[in-house]
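1. structure, please.
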Amino acid sequence: MTETNGIKTTVAALSQDSSEKAIEIMQERLTALIDLQLTLKHIHWNVVGMNFIAIHEMLDPQVDAVRLMTDAVAERIATMGGQPKGTPGSVTSIRTWDDYPLDRAPSVKHLVELDKVYSGVTADHRAAIAEFGDIDPVTEDLFIGHLAELELFQWFVRAHLKNTEGDVMHRSTD
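-> Next comes the predicted model:
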């Protein structure tokens, strides 16, 4: 076991530099997943209007799944010798995106915003996966599994936003 910058590498097959880089990327993704699970629950509490119950009930399994993802990422960080940061202060200081913009609002408005959230999270996960490919295949595999689930959840959201031609509507109505 070696130590640099407070990180004690515990995965024998990885170099110190690889461990540090993977932990840095994972911390950013952990922050995004914590933010996502809180956003999903916020929407669950504040969605109203048409299809309320469908949206309300669709979101709880997503919250639960994302919560499991956060745990897996945090444990991978710890496995690699890092210290996962999951406090509210660390989330707000690490994140680089704006807070979710809606409170109580009609379902279609929440779905349009949630589609944007999922687009950002999945794009950033894809970028992280590309970096993990050069660092650590185990971490890469973990994130590939998460990405598959996140893309499925976005598909659920987009299914509610399809027009008669099958295209996703990107503008909400009042």
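2. quick one: contacts for K162?
-> V168, M169 (CB atoms under 8 Å, 6 or more residues apart in numbering). Just so you know, the C-beta spots here come from the backbone N, C-alpha and C atoms, and that holds for glycine as well.
3. what bits of this protein have low per-residue confidence?
-> For the chain, the stretches with pLDDT under 70 are 1-9, 171-174.
4. next, find the distance separating the residue nearest to the spatial centre of it from P84.
-> Central residue of the chain (CA atoms, centre = their mean): L33, 3.3 Å from the mean position. Look at L33 and P84: by CB to CB, to the nearest Å, they are 11 Å apart.
5. who touches both of the two?
-> Residues touching both L33 and P84 (CB under 8 Å, 6+ apart): V73.
6. hmm, back to that, next one: the residue nearest to the centre of the chain from E165, what distance?
-> For L33 relative to E165 (CB to CB), the value is 33 Å.
7. what's the answer for D35, then?
-> D35 sits 33 Å away from E165, taking CB to CB as the criterion.
8. next one: L147
-> 28 Å.
9. and I144, how many neighbours does it have?
-> The number of residues packed near I144 is 15, by other CB atoms under 10 Å.
10. identify the residue nearest it in space, chain neighbours excluded?
-> Take I144 and drop its neighbours on the chain: the residue closest to it by CB to CB, 6 or more residues apart in numbering is I129, 6.0 Å away.
11. can I assume V47 is in contact with H110?
-> Yes: contact criterion CB atoms under 8 Å: V47 and H110 qualify, at 5.1 Å.
12. intersection of neighbour lists for the two?
-> The overlap between the contact sets of V47 and H110 (CB under 8 Å, 6+ apart) consists of I55.
13. all helices for this structure, in order.
-> In the chain, the segments counted as helices under DSSP state H are 16-46, 52-79, 88-94, 107-133, 137-159.
14. report the buried residues of the second one.
-> Right, the one you point to is helix 52-79. 55-56, 58-59, 62-63, 65-67, 69-70, 72-74, 76-77 (16 or more other CB atoms under 10 Å).
15. and that helix with helix 137-159, angle?
-> Using axes from the mean of the first three to the mean of the last three CA atoms, to 10 degrees, the inter-axis angle of helix 52-79 relative to helix 137-159 is 170 degrees.
16. nice, that's everything, thank you.
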